[in-house]
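Engineer: Okay, predicted coordinates and the sequence, questions at the end:
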Amino acid sequence: QVRLIESGGGLVAPGASLRLSCTASGGTLGRVAMGWFRQFPGKEREVVAVIPWHGAGPYYTAAVRGRFTISVDTDKSASDLMMNNLKPEDTAVYFCASAPTFAEVRNFEIQYWGQGIQVTVSA
């Protein structure tokens, strides 16, 4: 059974950077799209960034464009989310996800979810 495992979350001050990492355990994913989502307390989960297996043409939600960078390592079934210039409004639980295609991840048609990791941005 494949599981996605996130790491790298924590508490940082506004303006700081964090790198979230996601790796697959229990197997490999192959050529899949990967994405990062976040969920604010009491809110629906929302897409943050999505990347196809080859890495070209990633998608970012407007709130993070220019500050966050998603990457993928298909051989390792892994994805990173580099978050720069973090703001208090980025505070959320972040989830890694994968699905066979870019469109499926964008449309929340997820094959595998991670368990989620807390990111808190506070002075």
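Structural biologist: Now that the structure is in, tell me what you want to look at. Numbers count the residues shown, from 1 in each chain.
Engineer: Helices of the chain, start to end?
Structural biologist: Along the chain, counting by DSSP state H, helices occupy 102-106.
Engineer: contacting residues for the residue at minimal distance from the centre of the chain?
Structural biologist: Geometric centre of the chain, nearest residue: W36, 2.2 Å, by C-alpha atoms, centre = their mean. Taking C-beta atoms under 8 Å, 6 or more residues apart in numbering as the criterion, W36 is in contact with 20, 22, 47-50, 70, 79, 81, 94-97. Any C-beta I mention is one placed from the backbone N, CA and C, and that applies to glycine too.
Engineer: Show me what it bridges to in the sheet.
Structural biologist: Applying DSSP bridges to W36 gives these bridge partners: A49, C96.
Engineer: Could you give the number of residues near the closest residue to V32 other than its chain neighbours?
Structural biologist: Of all residues not flanking V32 in the chain, S98 sits nearest, at 4.8 Å (C-beta to C-beta, 6 or more residues apart in numbering). If you count neighbours by other C-beta atoms under 10 Å, S98 ends up with 25.
Engineer: what does T28 give?
Structural biologist: 12.
Engineer: Would you agree it is in contact with S77?
Structural biologist: Yes. Taking contacts as C-beta atoms under 8 Å, T28 lies within contact range of S77: 4.8 Å.
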